[in-house]
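Trainee: Generate coordinates for the sequence data below:
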Amino acid sequence: MSEPEKGTSPLILVADDVPANVELLFDQLNTLGYRTIAAYDGPSAVAACFEHSPDLCILDVSMPAGDLGVDTRSTGFEVCRRIKRDPRTSRIPVIFVTALNDTGDRVKGIEAGGDDFLTKPHNRLVLGARVRSLLKLKAATDALENSYRKLRELEKVRDDLMKMIVHDLKTPLTSVLATLEMLGDGDFGPLGDRQRVAVGDAEGKAEDLLALIEDILEVARIEEAAVTLTYSPIAPAAFLAELLHEWTHRFQQEHTTAKLNVDDETPIFEADKALLKRVFSNLIQNAVTHSSTPIELTMSARKTADGLLFTITDNGPGIPPEYHEVIFRKFGQVVGPNAPRVRSSGLGLTFCKLVVDLHGGMIWVKSKEGEGSSFYIQLPLKPAGRGAAAVPDAS
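Mentor: Here you go, the predicted model:
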């Protein structure tokens, strides 16, 4: 195995057990401005790839196999397989060169991960064109991979910084909430009506901020697969009625009209009730908060062939179609002149999607600007790998 010459031009490995064939390819490739390195059997070709990381490999199909565990007739295919399955060399393009013009060999070359095929005797111009094409493709793939890696590194730095800030915020915010609660209770002296309203408003905003922090931490835990679902049987009608009761005070404040619509035959299902309740609460919160006028809200459930379908429908401002996918992405928000003029982290719907995905379900939205929105949640009756949900005794 020869050592590559120093330079910045692409390095090409030529693997063939016939020195004259290697010399011919060297002459042609050097004329085209490429650096070259040779290997004369299967093991040395594999070793050269890991040692020198060539930009492209030209492999003869029939070479001595050495300790590769295949017959001589299949050595090139085995070398290609080993190159392609190792992350360090998997993106190196491979051209097979063989004296045989057999369709079966071409199929084997493709199955091994080869990128192109040349039949001996090959045409110098065709060789040059194919080498240039594969090198351009590799350069583009490498650039894309590097960009993706840098993006992931930046995302990790951002997420780590976000989690650190969030943890640091939680402790002082808890103290602020405790102090505001004491103020509202009159522990520091009586308050006038206007003072009590102001303290109550500040306490409400602080609780919203604490809920946001919990959302951020919960999204991070779900993304890191650190959340274990606690399943229990849930009756859809009772579940939605409980939500309606918990939101009664807020609905009264916002003059929201809410109603339930649950089919009598809607069956009991299994899910993590606490997490699912937060999903529905986020959707209700969005419907109420993002409308500047009182809305009508309908929560419904019915059985489908795939399980249960929940729907939360409002007659609020609606969401433009181009944002139907964006809103479920982390920090995704509706922007523009018609966007809701409210504070939003862009995490609420991300949390909803992550939780629904964990349950093996789907969530999507149908909406038109000015015509309200309908959020749909499709859930299985029971999680994968578990038995049927336990149905309570009606008696």
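Trainee: give me the element residue 302 is part of.
Mentor: strand 296-304 (DSSP states H and E).
Trainee: Give me the helices and strands touching that strand, please.
Mentor: helix 236-246, strand 257-262, helix 273-289, strand 307-314 (3 or more Cβ pairs under 8 Å, 6 or more residues apart in numbering; DSSP states H and E). C-beta coordinates here come from the backbone N, C-alpha and C atoms, glycine included.
Trainee: Select, out of these, the one closest to residue 363.
Mentor: Closest approach to residue 363 among those (Cβ to Cβ): helix 273-289, 8.0 Å.
Trainee: State the mean pLDDT of that closest one.
Mentor: Here helix 273-289 scores 88 as its mean pLDDT.
Trainee: Report the angle between that helix and strand 307-314.
Mentor: 30 degrees (axes from the mean of the first three to the mean of the last three Cα atoms, to 10 degrees).
Trainee: For helix 273-289, output the C-alpha coordinates as PDB.
Mentor: Coordinates of each C-alpha in helix 273-289 appear next as PDB, following Å, rounded to 0.1, in the frame of the first residue of the first chain:
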ATOM      1  CA  LYS A 273     -54.400  11.500  33.400                       C
ATOM      2  CA  ALA A 274     -52.300  14.300  34.900                       C
ATOM      3  CA  LEU A 275     -50.300  14.900  31.700                       C
ATOM      4  CA  LEU A 276     -53.400  14.600  29.500                       C
ATOM      5  CA  LYS A 277     -55.200  17.100  31.700                       C
ATOM      6  CA  ARG A 278     -52.300  19.600  31.100                       C
ATOM      7  CA  VAL A 279     -52.600  19.000  27.300                       C
ATOM      8  CA  PHE A 280     -56.300  19.900  27.300                       C
ATOM      9  CA  SER A 281     -55.700  22.800  29.700                       C
ATOM     10  CA  ASN A 282     -53.100  24.200  27.300                       C
ATOM     11  CA  LEU A 283     -55.600  24.000  24.500                       C
ATOM     12  CA  ILE A 284     -58.400  25.700  26.500                       C
ATOM     13  CA  GLN A 285     -55.900  28.300  27.700                       C
ATOM     14  CA  ASN A 286     -55.000  29.100  24.100                       C
ATOM     15  CA  ALA A 287     -58.600  29.400  23.000                       C
ATOM     16  CA  VAL A 288     -59.500  31.700  25.800                       C
ATOM     17  CA  THR A 289     -56.300  33.900  25.800                       C
END
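Trainee: Check which helices and strands that helix sits against.
Mentor: strand 232-234, helix 236-246, helix 248-254, strand 296-304, strand 307-314, helix 348-358, strand 373-379.
Trainee: buried ones in the shortest one?
Mentor: Yep, that's strand 232-234 we're talking about. For strand 232-234, burial by neighbour count (16 or more other Cβ atoms under 10 Å) applies to residue 234.
Trainee: Off-centre distance for it?
Mentor: 29 Å (Cα atoms, centre = their mean, to the nearest Å).
Trainee: now swap in the third one and tell me
Mentor: Here helix 248-254 is found 36 Å from its chain centre; the criterion is Cα atoms, centre = their mean.
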